[in-house]
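**Q** Build me a model:
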Amino acid sequence: MTVDHTGPTPAVSEKWLELIAKIIANTRRRRRKLNLTELAEVIEEASALLGGLVPLAETVSLSEEMLREFLLVKKLVPRARELVRSRQIDSVDAVRSLSQLRPQDQEMLAEAVISGRFTTDDARAAIAFMKAMPETDMGTILDMIDQSRNIVEYVAEVVVPPATVGPESLRERFADIVGEENVRTATVEGRVALIGLSAAGRRRLQMEAKRRRMTKRALIHELTHKGA
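**A** Modelled structure (predicted):
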């Protein structure tokens, strides 16, 4: 890069190149080294050095709209931003949805996740409810999700080898994956095992299956046939 007397100083040029490299590295790969809050800060700094988002977008070969999407994290209240900084929320889509909530709703939802009362999956469900029922306050929506935890939403029926697993053992195996509170029923009648999970339990089972790179059905078979 050639720098003349009308352009940026060498120190500025070096900083500018560093920022551009960070933006490219964290927008071209599926796994980002920076969380979205850090990336937004880098974009803001690079934009200030270049004179705006338009020249920055041209430099990094991204649309101005895409850069603005990354900056939506700046619209979050501090408590919600903590979720992004800790990567409990780490997708642009989730940040966009969260940024569309009223500040008091962001605050309440973030507090529910940070305190451990809700998972990030629950937070996504709350945001979806809020979009569908914009006149409903966040407290009511969180209570609705709380109540739904007690509902058996997913039931798996599996044929198991004779005398290989009992109800308590079956419950323990699934509780290790989805949490004891999310296993609603676990019975074995003859060679048929029935496992009933809450909505949150089903989501956790799906996440674990994805982590292991297997289908949900394959994971259920593995859990019910362990030791057979």
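**Q** hey, let's count contacts and neighbours off CA atoms from now on
**A** OK.
**Q** Quick one: mean pLDDT over the helix or strand where residue 13 lies.
**A** Counting by DSSP states H and E, the element that carries residue 13 is helix 10-27. The average pLDDT within helix 10-27 is 84.
**Q** by contact count, what packs against it?
**A** Here helix 10-27 touches helix 36-50, helix 53-60, going by 3 or more Cα pairs under 8 Å, 6 or more residues apart in numbering; DSSP states H and E.
**Q** Helices along this protein, start to end?
**A** 10-27, 36-50, 53-60, 64-70, 78-85, 92-99, 103-114, 120-132, 138-148, 167-178, 199-211, 216-224 (DSSP state H).
**Q** Would you mind measuring from the spatially most central residue of the chain to residue 171?
**A** The C-alpha lying nearest the average C-alpha coordinate of the chain belongs to residue 89 (Cα atoms, centre = their mean; 4.6 Å). Going from residue 89 to residue 171 by Cα to Cα, to the nearest Å gives 30 Å.
**Q** so residue 208 touches residue 179, yeah?
**A** No: if you go by Cα atoms under 8 Å, residue 208 and residue 179 don't touch, sitting 11.9 Å apart.
**Q** Of the helices and strands packed on helix 10-27, which is nearest residue 118?
**A** Closest to residue 118 of these is helix 36-50 (Cα to Cα; 21.2 Å).
**Q** Kindly export the closest one (C-alpha atoms) in PDB.
**A** Output in PDB follows, covering the C-alpha atoms of helix 36-50 (Å, rounded to 0.1, in the frame of the first residue of the first chain):
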ATOM      1  CA  LEU A  36     -20.600  -9.700  17.800                       C
ATOM      2  CA  THR A  37     -20.000  -6.900  20.300                       C
ATOM      3  CA  GLU A  38     -16.300  -6.900  19.600                       C
ATOM      4  CA  LEU A  39     -16.900  -7.100  15.800                       C
ATOM      5  CA  ALA A  40     -19.300  -4.100  16.000                       C
ATOM      6  CA  GLU A  41     -16.600  -2.100  17.800                       C
ATOM      7  CA  VAL A  42     -14.100  -3.000  15.100                       C
ATOM      8  CA  ILE A  43     -16.500  -2.000  12.300                       C
ATOM      9  CA  GLU A  44     -17.300   1.300  14.000                       C
ATOM     10  CA  GLU A  45     -13.600   2.100  14.400                       C
ATOM     11  CA  ALA A  46     -12.800   1.200  10.800                       C
ATOM     12  CA  SER A  47     -15.800   3.200   9.500                       C
ATOM     13  CA  ALA A  48     -14.500   6.200  11.400                       C
ATOM     14  CA  LEU A  49     -11.100   5.900   9.900                       C
ATOM     15  CA  LEU A  50     -12.400   5.400   6.400                       C
END
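**Q** Please state the offset of it from the chain centre?
**A** 23 Å (Cα atoms, centre = their mean, to the nearest Å).
**Q** Buried residues of it, list them for me.
**A** 36-37, 39-47, 49 (16 or more other Cα atoms under 10 Å).
**Q** so how far is residue 204 from residue 183?
**A** Taken as Cα to Cα, the span from residue 183 to residue 204 is 11 Å.
**Q** Comparing these two, which shows the higher neighbour count?
**A** Higher neighbour count among residue 183 and residue 204: residue 183, with 26 against 19, using other Cα atoms under 10 Å.
**Q** Assess the claim that that one and residue 173 are in contact.
**A** No: counting by Cα under 8 Å, residue 183 does not reach residue 173; the two are 10.0 Å apart.
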